[in-house]
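Enquirer: Next input, structure requested:
(one chain, ligands or ions: 1)
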Amino acid sequence: MDWKINSLEEYAVAYQESRNNPDKFWGDIAESFTWHKKWNEVQSGTIKDANVKWFEGGELNITENCLDRHLEDRSDKVALIFEANNPEEEAKEYTYKELHEAVCKAANMMKDLGVGKGDRVCLYMSMVPELLISVLACARIGAIHSVVFGGFSAHALAGRIEDCECKLLITNDAGFRGSKVTHLKEIADNALNDLGKTSVEHVIVHKRVGNNIEMKEGRDIWWHDIYPKASSDCKAEVMNAEDPLFILYTSGSTGQPKGVLHTTAGYMVWAAYTFGNVFQMNEEDKYWCTADIGWITGHTYITYGPLLNGATTTMFEGVPTYPDAGRFWEIVDKHKITHFYTAPTAVRALMACDSEFVKKQDLSTLKVLGSVGEPINAEAWNWYNKEIGKEKCPIVDTWWQTETGGILISSLAGVTEGKRCFATLPLPGVFPALMDTEGNIIEEREAEGNLCITRPWPGMLRTIWGDHERFKQTYTSAYPGTYFTGDGCRRDENGLYRITGRVDDVLNVSGHRIGTAEVENAIGQHPHVIESAIVGYPHDIKGQGIYAYIIASENHHEDMIKEILEVVTSEIGPIAKPDKIQIVPGLPKTRSGKIMRRILRKIAAKEFDNFGDTSTLLDPSIVETIKDGSL
Ligand code: WT7
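Expert: You can find the predicted model right below:
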């Protein structure tokens, strides 16, 4: 790839070029991919008008770039390593040729069921190779994939299926996760039953566990009954550059999760360019990202980014602590992983375990470490650097979001300097600005403010599925003309960026994004809940924990706390369960009825010394009452 940045000087040149001559810069990069037809315009539309487009007029298929393009030089190179939940189970490897064949077969299997260009396909699966294969199979035939993380409840799944009107659902009978089995098909059945009338015509069930499940006549089909018969010859559907590639639901500060929409060419260029430059892999290197494909990290940095670069990518079915806390390091040793990408929450959890788990394994193959999903604290960074990287591996602290498609701010491994707890520098094509509370750009170098991106970049989301107004309102109207990230950020004297966390009502719990309003809505389903307020508080392992303040009706009872946890689990999923629940007689509200969350956050964090100005509260005495009963 001639766009690979190899030195600090080359980074500076690329950044300048992306500023001064963006069309030439991105046009040259796009030339390195396979197109059916070249674009007419590199970039058109503006953030202000919420109509950004990249490579308009171009025609391509992303899977030809992920797979077919490598068949000449890399057909026998391992594309995918699958490591099962159970360490006793033999790992599986797919070469580029084998993965190409599997994707083509799965694509034909879907086609045979009448799925085609523009149709939505929901993937509710555990971390098995068939998930990655299904993602690419959708892209092969131009169907829009919507992967739903296997930890979400039937209710959450139903909402997502309904919102984008999926025609096909693919699931597993069940999935292995540590010592647990997740009953995915049963949950999917419940979701479809809840919906009653649904757009879903067929459910393909991949057998992973072999448990007893019900198959609905005429609707449900076993993967193993149709996949083997499908042809391995599947011409890629020719897509327009701006045709939708996928929808991925994520939480916001209000209302229901929103379907973030990414389109074909811009996302492809961004996934490839950022992966190649941030991780700096060599041909023989082996990469492992521990995320789940149900999140954006698994889309861009397990699936598309690595494959677009012809790299070897690893997917792991299990969890870091099963059968014991040495599992990650054992996998690194076993597969001779060179590039390892995980979340701070995993680092903190493993750091708290016996150091023998690390010492037992040979980690000498590691060259680059990555961090993603939340700010990494100094202690976790030090441990990661010393115990895992043996102080010889650069750590890339990659800041980005579901909406950004790929990494926006990060050091480039071994090329630009890292700095502990700093994401450091924007990638070429990324122009960050810090905003003050009045909405002005802060020009000083050393500053703190709300992080916005002032120019379109190829991987930017294009809309919220079915709700363009919400797209505009959420991202492009807070600071008109720029994209608002929802994050706070500090810039140091050298121009390096440090993300300080969300400034809106979005929590980041173990790297999972959770909307406070969503949890409040779920809690509100309990018959004895009158009102609730959710805030985050500092949590040693999770980064943020969930603290719930609940006003209950007089006749609330002993089991109420347990029932609230159940209601949240069934409305959203176990990841959204509050860590602490405090029943309160009232909430600190202003005269206009707004909850003063600032106070609730302070109490949850046990910062009792100064609550600031509480004079606008309707009943200031409630603050002391809540404080006295705090957990
Ligand atoms: C939010 C986005 C990025 C893919 C996984 C999460 C936080 C993400 C970092 C980082 C500090 C980070 C931000 C962001 N975040 N990476 N390196 N340092 N904070 O994607 O679920 O869309 O969440 O995660 O707050 O807004 P997501």
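Enquirer: Now residue 152. Nearest residue, chain neighbours left out?
Expert: Nearest residue to residue 152 in three dimensions, chain neighbours excluded: residue 573, at 4.5 Å (CB to CB, 6 or more residues apart in numbering). The way it works is simple: take the backbone N, C-alpha and C, and place the C-beta from them, glycine included.
Enquirer: Could you do residue 495 as well?
Expert: residue 445 (6.0 Å).
Enquirer: how about the residues of the protein near the ligand?
Expert: 250, 295-297, 371-375, 397-402, 423, 485-487, 499, 501-502, 508, 513 (CB under 6 Å from any ligand atom).
Enquirer: mind running it again at 5 Å?
Expert: For the chain, the residues in contact with the ligand (CB under 5 Å from any ligand atom) are 297, 373-375, 397, 399-402, 487, 499, 502, 513.
Enquirer: Can you add pLDDT and secondary structure and give these back as CSV?
Expert: Below are those laid out as CSV (pLDDT from 0 to 100; DSSP: H, G, I helix; E, B strand; the rest coil):
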residue, pLDDT, secondary structure
297, 98, helix
373, 96, coil
374, 94, coil
375, 93, coil
397, 98, strand
399, 98, strand
400, 98, coil
401, 98, coil
402, 98, helix
487, 97, strand
499, 97, strand
502, 94, strand
513, 94, strand
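Enquirer: Now do the same contact list for residue 316.
Expert: Residues near residue 316 by CB atoms under 8 Å, 6 or more residues apart in numbering: 83, 127, 288, 290, 331.
Enquirer: Most neighbours among those, which one?
Expert: In terms of neighbour count, residue 127 stands highest of these at 28 neighbours, by other CB atoms under 10 Å.
Enquirer: thinking that residue is in contact with residue 175, fair?
Expert: Yes - using CB atoms under 8 Å, residue 127 makes contact with residue 175 at a distance of 7.5 Å.
Enquirer: thinking again about what came up before, what about the residue nearest to residue 152, how many residues nearby?
Expert: Using other CB under 10 Å: residue 573 sits among 22 other residues.
Enquirer: what's the spacing between it and residue 453?
Expert: 30 Å (CB to CB, to the nearest Å).
Enquirer: Also residue 623?
Expert: Relative to residue 453, and taking CB to CB, residue 623 is found at 38 Å.
Enquirer: pLDDT at residue 305, what is it?
Expert: Residue 305 is assigned a pLDDT of 98 by the prediction.
Enquirer: Pretty sure it sits in a helix.
Expert: Yes - assignment of residue 305 by DSSP: H, G, I helix; E, B strand; the rest coil places it within a helix.
Enquirer: Please give me every residue in contact with it.
Expert: 271, 272, 274, 275, 276, 406.
Enquirer: what's the answer for residue 243, then?
Expert: 117, 118, 142, 263, 264.
Enquirer: Look at the nearest residue in space to residue 429 that is not next to it in sequence and give its secondary structure.
Expert: Nearest non-adjacent residue to residue 429, counting by CB to CB, 6+ apart: residue 18, 4.4 Å away. State at residue 18, reduced to three classes by three-state DSSP: helix.
Enquirer: Please tell me I have it right and residue 18 contacts residue 27.
Expert: No - counting by CB under 8 Å, residue 18 does not reach residue 27; the two are 11.5 Å apart.
Enquirer: Between the two, which has more neighbouring residues?
Expert: Taking neighbours as other CB under 10 Å, residue 18 and residue 27 compare with residue 18 leading, 21 against 16.
Enquirer: how much space is there between that one and the ligand?
Expert: As judged by CB to the nearest ligand atom, to the nearest Å, residue 18 and the ligand stand 21 Å apart.
Enquirer: Next, the contact list for that residue, please.
Expert: 25, 26, 428, 429.
Enquirer: Whichever of those residues end up buried, select them in PyMOL.
Expert: To isolate the buried ones among the contacts of residue 18 in PyMOL, judged by 16 or more other CB atoms under 10 Å, type:
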select buried, resi 25+26+428+429
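Enquirer: how about residue 57, what does it touch?
Expert: Counting by CB under 8 Å, 6+ apart, residue 57 has contacts 37, 38, 39, 40, 41, 240, 241.
Enquirer: For the fourth one, which non-adjacent residue is spatially closest?
Expert: If I follow you right, that is residue 40. Leaving aside its chain neighbours, residue 40 sits nearest to residue 57 (3.3 Å; criterion: CB to CB, 6+ apart).
Enquirer: Brilliant, that's me finished.
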